[in-house]
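Student: return atomic coordinates for the entry below.
(2 chains)
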There are 2 protein chains.
Amino acid sequence: MKRKIYLKMKSLVEARELWLNRFGDRDLLGEEDISVLEALGRITSHPVFAGISSPPFHAAAMDGVAVHAESTYGAQERTPKKLKLNRDAFWINTGRPIPEGTNSVIMVEKLRELEDEFIEIYASGYPWENVRKVGEDVVATELLFPRNHRIRPYDLGALLAADVDRIFVRKRPRVTIIPTGNELLGPVGTRTERVGVEGRIPESNSVILSAMVTESGGIPRIEGIVRDVYEDLMEAVRTAVESDAHMVIINAGSSAGSEDYTYHVLEALGEVLVHGVAMMPGKPTILAEVSGKPVIGNPGFSVSATLSFDQFGGPLLCALQGIPEKTRKRVRVYLSRAVPSKLGVEEFLRVNLGRVNDRIVATPLPRGAGSITTLTRAEGIVRLSELSEGLPRNAEADAELLVEDAVLDRTLVMIGSHDMSIDVLSDLMGRDPRGFRLSSANVGSLGGLLALRSGCAHAAGSHLLEEATGEYNRFYVKKYLPDKKVSLFHLVRREQGLILRRGNPKGIRGLEDLVREDITFMNRQAGSGTRILLDFRLKQQGIDPTAIRGYDREEYTHMAVAVDIKSGVSDVGLGIFAAARALDLDFIPVVQEQYDLVIPSAFLDDERVRMLLDTAATEPFRERMTSLGGYDPGMSGEFWTEIGP
Amino acid sequence: MKRKIYLKMKSLVEARELWLNRFGDRDLLGEEDISVLEALGRITSHPVFAGISSPPFHAAAMDGVAVHAESTYGAQERTPKKLKLNRDAFWINTGRPIPEGTNSVIMVEKLRELEDEFIEIYASGYPWENVRKVGEDVVATELLFPRNHRIRPYDLGALLAADVDRIFVRKRPRVTIIPTGNELLGPVGTRTERVGVEGRIPESNSVILSAMVTESGGIPRIEGIVRDVYEDLMEAVRTAVESDAHMVIINAGSSAGSEDYTYHVLEALGEVLVHGVAMMPGKPTILAEVSGKPVIGNPGFSVSATLSFDQFGGPLLCALQGIPEKTRKRVRVYLSRAVPSKLGVEEFLRVNLGRVNDRIVATPLPRGAGSITTLTRAEGIVRLSELSEGLPRNAEADAELLVEDAVLDRTLVMIGSHDMSIDVLSDLMGRDPRGFRLSSANVGSLGGLLALRSGCAHAAGSHLLEEATGEYNRFYVKKYLPDKKVSLFHLVRREQGLILRRGNPKGIRGLEDLVREDITFMNRQAGSGTRILLDFRLKQQGIDPTAIRGYDREEYTHMAVAVDIKSGVSDVGLGIFAAARALDLDFIPVVQEQYDLVIPSAFLDDERVRMLLDTAATEPFRERMTSLGGYDPGMSGEFWTEIGP
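Tutor: So this is what the prediction gives:
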């Protein structure tokens, strides 16, 4: 099998137009008639007309007595009219038919019962007052709903009231999903091999796609995993297009790898319309027609698979059902960081969002298509057009929301140094029924102070040591936030130390060994508290940083450093005990440092900030931190000092 | 049983607070562990941590060859590096583990295959380039999702990638719905009586509520209809609260009618917290606690039942599941008509919405709680606070959207005279896959011209006769829209005439009989084309309007007039043939008149307006109109004239 190099890539706009024009108008689905009792969410395929009028008779619109209006003329508070029950006036409840000969209902509040079956009326009625006339709501034969209408709960009420029993709706589109790949493991229970062994990974895209099909109104069907054998894939696709499926998705095998047969199979069986779309993630998307049916070769990375379905699979399902494409709500956001972008490709940048002061701040997440957490942790997506080379910091942009927009008002935005305590606070705050969220971006302590300065965050975690005094944060807050009143609160004291492979195979004893020729170090980024701490210690001990192999290689979190050690990328790094422990690594303590919350005083009345501080002061927070090891949360949530002009 | 007069009504805010504080915090639901494959849309009841790291090994991030980076140093376009396959370089596909000893992947685009298992590389790699390191996406033990998180499609991908097989989620709340009322008929198939006979109506609220429970994440259960017998209702409620239901809704019997036992039953079995809420519709809502469970006595009118559930049932289901209350999107709208409102009651005004020019125009629908179509035909709800006495025309207000907001951009707004042709156009336009809608408000021809003048509509249907010339519309458009360029298009010519009961029992022969003492007339509202036509004809024939009984009683549509005749409210009215035919009434033709589309010329390029005119000119439109009877659509969609400065 020859390796497939992409056909000329199509722009996203071109590819969508080609795809939706080819299939969107075709009446592939057909219709079925169903009971109204099962019609919630279904789409009408014919106009629906009323079977009977509603109300089907003149009905009382109030509780009271039905009368002939003329018999009440002249009734007033001081000169009530006296009427005989069951002759001139009839007790009646809301919704009941008014008796023959009556044409008005007097409210129960405007009359009084007397003895001997008489009542007194204090206000006169007029003809048809408080009466719902036949057909006032719905007239028999009237149009209730046009075609292509999605049935909502109260629509069911209108249908039943008009005595409509069954309606014609579009069939739900059936989508067959074919997972392919030698490396894939099926669901737990069906597996004969273990994750990680010989590159095996759990199959997940078919489950994501299946859920997306469901949310688009379709009925998904996941086939068994097809291995990377040309004939097997050929057979699976042929079977799928010959079944009752309205659309087929092959996942993946759509890129240019040597075992990616999808393109060749689709070319052999039908017509490939698009191979490669100028979007990122999502580039290796194939769009084809086989036996008159739409077939998608979806990219393999989960983020790509999701965003590609969003652009092609979902919209086509909507078009087939005759409903408008689902669009996400958009909000105007401010970027807390600059983002470069590649000309000629439409990029879908995943961002954290939260409302700070009166604007919504967007902080970009990592961009790799392989990281599904860049989608699960995102609150929104900023699309960078194919004509854009990127956006500067504080630029405005539109973001599509992945969460309810009300969530942004309940989101506390933290940008700064990362610590495990932030995750624990996030979990504890999330328990509140008001639905608080904590969104955190890890840019290091200094980055956090700069984010506070430009109004992009409510709070920052910081552990910046001033060499001269040995004190944390105060000096840096004064220096970088000179114009703001800022409050510092204790969060935790924590152990920083050397993270080493289990059993310390290279026999590292302390910082002095970092210069050894057989040892590779992994550093943290400039501006991070840990980097400053390292540099301070090296200077104290008279160690030359340039003599350390790997001093110029940087990671952005403790956990990333620990992962590097665990996986042999490096031998040693400086980080917190909890990260070493989480990955079962060895740890040599170097120093106990102070990690504080830095909060502009103007935000101290914000309920999200209050919630943060209250939570930090609770016993459950302290217990959780203590159990992680390497933490002292003794003063957590306590006010330390206020700094500012 | 004594008639129950309302307890002191609570404001909506008070009632909600009381209700949600009483039950919202209680952990009524409990949790269950389920397979991730079934977790879409479920709410986590515990934080979820990663089982393994993802990727579980160092994986290629690109298709290409895996190499040790050092072996490529110096490679350039002009001085490529030659490497031996399967010794220095290894073909690798995206996602596969890189072989032992390699630490970089060279993209397939940057190399060339030579003979004898050699390749040439045109760019040097650096360590870990194009490699996804172990745990780059997810690190084992890391927090994936906090509690109270609703699982989205791509969340499933993160769970599976981290080898999480089962998760703890909150149980779905079970809601038992008890329909009550002697007048109610169960679903078709179970009925022994006919709709309309002895006041029987189809039961519909339990179906609406059941659908709303489903949409709020709950599991509904509809009990059999309970008749208006105190002991029966008592027994049904007792059984429901003793079952596994988390909430019980009784519908209806919550008002003050003599057979409304709900209040008494709830008082006897438990504690009534609220009886009567200052909202409209929805006032007769009861909120109670029985055996520790929340019980709602829901109002009987469908609109009230829906809006009451929206305020109490739905929010409590969300609170129990630990998720934020669903809120509808809000938009700023302009009212095309003034609306009065009652002080002390929060009113939920149903409105038609559409974007005209750059603002969204809201036209109020009728306000009766008995009319479910005031909800099904609405695009939004404007809430008038309990402190408001109403809003003037052109006032700004917030509307909660009942449709996707993109729908408003695809909605053509017609305000003016009503004709059956508008419904046919609406249906035909709705077939377009782009999802066009036609929203129409019936305010008469003159009202339509005034709506165009104030920029509240794209088009108006009009049939205003000028007495002097016998010509339609042109004179009125000049008079009422002197500053606007306006185009007139033919839509239909139609028969207007006298609508009479079947068989013409009063022997009416023509307009001259309207003054007879034994005859009651039903008029159309002032400003309607039909009213102007009537007055013109009466004058021609020398008939004194004041001599006509019922001349001062007005309806707003042809159909409403026909309903009045059908139901005996009046003997005769002036209206179109199609209305008479729809209700199987007799008809005496009086005149064929001209019904035009009036469209400001500035809108002629709007795609909705183009769609309207294109549709009017189609054969299917003409066929449908002809088949209704009384219509001549021969020139439909044709341009007639442009008027303006």
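
Student: surely A:Asp398 is in a strand?
Tutor: Yes - assessed with DSSP: H, G, I helix; E, B strand; the rest coil, A:Asp398 lies in a strand.

Student: shouldn't it be in contact with A:Val331?
Tutor: Yes - counting by C-beta atoms under 8 Å, A:Val331 is a contact partner of A:Asp398 at 7.3 Å. No exception for glycine: its C-beta is placed from N, CA and C like everyone else's.

Student: what about the two, which has more around it?
Tutor: A direct count of neighbours by other C-beta atoms under 10 Å in any protein chain shown for A:Asp398 and A:Val331 places A:Val331 higher, at 19 against 13.

Student: so that one sits in a strand?
Tutor: Yes - judged by three-state DSSP, A:Val331 forms part of a strand.

Student: and it, what does it touch?
Tutor: A:Leu353, A:Ile360, A:Gly380, A:Asp398, A:Ala399, A:Leu401, A:Asp405, A:Leu408 (C-beta atoms under 8 Å, 6 or more residues apart in numbering or on different chains).

Student: lowest-confidence entry in the residues you listed?
Tutor: Within the contacts of A:Val331, A:Asp405 has the lowest pLDDT, namely 81.

Student: how far away is the residue nearest to the spatial centre of chain A from B:Arg172?
Tutor: Note on chain A: the residue nearest the mean C-alpha position is A:Leu402, at 3.7 Å, using C-alpha atoms, centre = their mean. A:Leu402 sits 23 Å away from B:Arg172, taking C-beta to C-beta, to the nearest Å as the criterion.

Student: next: A:Gly542.
Tutor: For A:Gly542 relative to B:Arg172 (C-beta to C-beta), the value is 65 Å.

Student: neighbour count for those two, which is higher?
Tutor: More crowded of A:Gly542 and B:Arg172, by other C-beta under 10 Å: B:Arg172, with 21 against 7.

Student: and the residue of chain A positioned farthest from its centre, what element?
Tutor: Here chain A reaches farthest from its C-alpha mean at A:Asp116, the gap being 68.4 Å by C-alpha atoms, centre = their mean. In the assignment (DSSP states H and E), A:Asp116 maps to no helix and no strand.

Student: any low-confidence regions in the stretch 51-200 of chain A?
Tutor: Judged by pLDDT under 70, the stretch 51-200 of chain A has no weakly predicted residues.

Student: for A:Val295, give me phi and psi.
Tutor: Backbone torsions of A:Val295, given as degrees, to the nearest 10, read phi -130, psi 130.

Student: what's the neighbour count on it?
Tutor: 28.

Student: can you give me the pLDDT of it?
Tutor: Reported pLDDT for A:Val295: 97.

Student: who are the neighbours in contact with it?
Tutor: A:Val295 makes contact with A:Val237, A:Val241, A:Met247, A:Val248, A:Ile249, A:Ile250, A:Leu266, A:Gly270, A:Leu287, A:Ala288, A:Glu289, according to C-beta under 8 Å, 6+ apart.

Student: if we use 6 Å, what do you get?
Tutor: Residues near A:Val295 by C-beta atoms under 6 Å, 6 or more residues apart in numbering or on different chains: A:Val248, A:Ala288.

Student: what's the answer for A:Gly430, then?
Tutor: Neighbours of A:Gly430 in contact, by C-beta under 6 Å, 6+ apart: B:Pro146, B:Arg147, B:Asn148.
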